[in-house]
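> Dropping a prediction and its sequence here:
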Amino acid sequence: HFISTVVAVGFVGTFFSQDGIINNLLLTLGFERVNFIFEPQWFRPLYIGSGIWQGIGWGSIIYLAAISGIDPQLYETATIDGAGRFAKIFHITIPSIVPTIIILLIFRVGDMMSVGFEKVFLMYNPATYVTADVISTFVYRSGFGNAQYSYSTAIGLFNTIIDFILLILANYSARKISENSLW
C-alpha cells in the first residue's frame with residue numbers, strides 16, 4: 001500500500017466521525033448525523049471501502065505495468081481489421097493480462113484469512129466488537145488480554161494452515177484453468 005494503515009484509519013476517523021466531513025455534508029443536505037464509527041452495521045462498509053481506497057493505487061500500478069507490456073502492434077492490427085475499443089479490450093488487453101490477474105488473485109486468496117489485524121485493531125471499539133472481531137483480534141485478545149497463550153497460539157497456527165491450504169488450492173486451480181501459477 002502507498003498509504004499506511006494508520007493514515008488510512010486516520011482518514012476514516014476524520015471523514016466519518018460525529019463532526020467529520022461526511023456528517024457535515026449530511027447536515028447540509030438536510031439529513032441527521034450518523035455515528036459511523038460507533039455503529040456496528042457501519043464497520044464493514046467502512047473497512048471494505050477504506051481497504052479498496054488504500055489498495056487501489058498499488059493495484060492500478062501493477063495492472064498498468066501489465067497493460068503497457070502488451071505489444072502495440074496487436075492493437076494496430078486489430079484497428080486495421082476493424083475492431084472497436086471493446087473488442088480490443090476483450091480480445092487483446094484482458095487475455096494479455098490474465099497471468100497478472102491470476103497471480104494477484106492467488107496472492108489475495110493466500111491472504112484471505114489474515115484480513116488485516118492492524119486496520120481492524122485501529123478501527124474497532126467495544127461498540128463494534130459484534131461485527132469487527134476477526135480471528136486476528138480474537139487471538140490478540142485471547143493471548144494478551146486473557147493470558148491464554150497456548151490457546152491463541154493454536155488458533156494462530158490453525159489460521160496459518162488454512163491460509164496455506166487455500167494458497168495451494170488457488171495455485172492448483174490456476175494451473176489447471178490457465179496454466180499460470182506461482183509454481
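Cool, got the structure. Residues are numbered from 1 along each chain as shown.

> Quick check: buried residues in the least confident helix or strand in the chain by mean pLDDT?
Ranking every helix and strand in the chain by mean pLDDT, DSSP states H and E puts helix 129-132 at the bottom, with a mean of 84. Neighbour counts over helix 129-132 (16 or more other CB atoms under 10 Å) mark Ala132 as buried. Bear in mind the C-beta positions are built from the backbone N, C-alpha and C, glycine included.

> same deal with stretch 42-62?
Trp42, Phe43, Leu46, Tyr47, Ser50, Gly51, Gln54.

> give me the number of residues near Asp71?
Residues near Asp71, counting by other CB atoms under 10 Å, number 10.

> helix/strand/coil for the closest residue to Gly20 other than its chain neighbours?
Closest residue to Gly20 apart from its sequence neighbours, by CB to CB, 6 or more residues apart in numbering: Thr14 at 5.8 Å. Assigned with DSSP: H, G, I helix; E, B strand; the rest coil, Thr14 falls in the helix class.

> if we can go back for a sec, just the buried residues of stretch 42-62: which are in strands?
Counting by DSSP state E, no part of those is found in strands.

> CA atoms only for the following helix or strand past the least confident helix or strand of the chain - export them in PDB, please.
Using DSSP states H and E, the helix or strand that directly follows helix 129-132 along the chain is helix 135-140. Extracted in PDB, the C-alpha atoms of helix 135-140 (Å, rounded to 0.1, in the frame of the first residue of the first chain):
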ATOM      1  CA  ILE A 135      -9.600 -14.200  14.000                       C
ATOM      2  CA  SER A 136      -6.500 -11.900  14.400                       C
ATOM      3  CA  THR A 137      -8.100  -9.600  17.000                       C
ATOM      4  CA  PHE A 138      -9.600 -12.600  18.800                       C
ATOM      5  CA  VAL A 139      -6.100 -14.200  19.000                       C
ATOM      6  CA  TYR A 140      -4.700 -10.900  20.300                       C
END
